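Enquirer: sequence? don't have it. structure:
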């Protein structure tokens, strides 16, 4: 069960929860995943921030369930590979987009 408040997890825990959310959304629901650069409180104060110190804030939302994680720049590549594999496996149930132009041409020719 996912909590209604935002839960900050480590990267592996986040990927596990994301997989559960995607499995749950197969029957009904939509999972929203957002990624955003996070430079910390120094950036809000207008201070200079080293790009190596920046992190990536990743959030996933399914209904009231929300999970998030912070990815350091050095761990970004490993996280994105794992994330891509999860998405490839989980997005096989997408519906094909209807092609209305093809239907109109067939109707016009027949």
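Expert: Nice, I can see it. Keep in mind the model is a prediction, meaning the values are calculated, not measured. Numbering: from 1, shown residues only.
Enquirer: my guess is residue 15 meets residue 81, correct?
Expert: No. With contacts counted by Cβ atoms under 8 Å, residue 15 stays clear of residue 81, the gap being 10.7 Å. For every residue, glycine as well, the C-beta is placed using N, CA and C.
Enquirer: pull up the gap between the closest residue to residue 75 other than its chain neighbours and residue 89, please.
Expert: Spatial nearest neighbour of residue 75, chain neighbours left out: residue 11 (6.5 Å); criterion: Cβ to Cβ, 6 or more residues apart in numbering. Using Cβ to Cβ, to the nearest Å, residue 11 is found at 18 Å from residue 89.
Enquirer: neighbour count for the two, which is higher?
Expert: Under the criterion of other Cβ atoms under 10 Å, the comparison of residue 11 against residue 89 puts residue 11 first, with 18 against 10.
Enquirer: contact partners for the more buried one?
Expert: Residue 11 makes contact with 69, 71, 75, 79, 82 under the criterion Cβ atoms under 8 Å, 6 or more residues apart in numbering.
Enquirer: confidence score at the second one?
Expert: I take that to be residue 71. As predicted, residue 71 sits at a pLDDT of 94.
Enquirer: now the strands for the protein?
Expert: Counting by DSSP state E, the chain has strands at residues 7-9, 31-38, 55-62, 65-72.
Enquirer: mind listing the residues bridging to the most centrally placed residue in the chain?
Expert: Nearest to the mean C-alpha position of the chain, counting by Cα atoms, centre = their mean, stands residue 33 at 2.7 Å. Under the criterion DSSP bridges, residue 33 forms beta bridges with residue 60.
Enquirer: what's the spacing between it and residue 68?
Expert: From residue 33 to residue 68 the distance is 10 Å (Cβ to Cβ).
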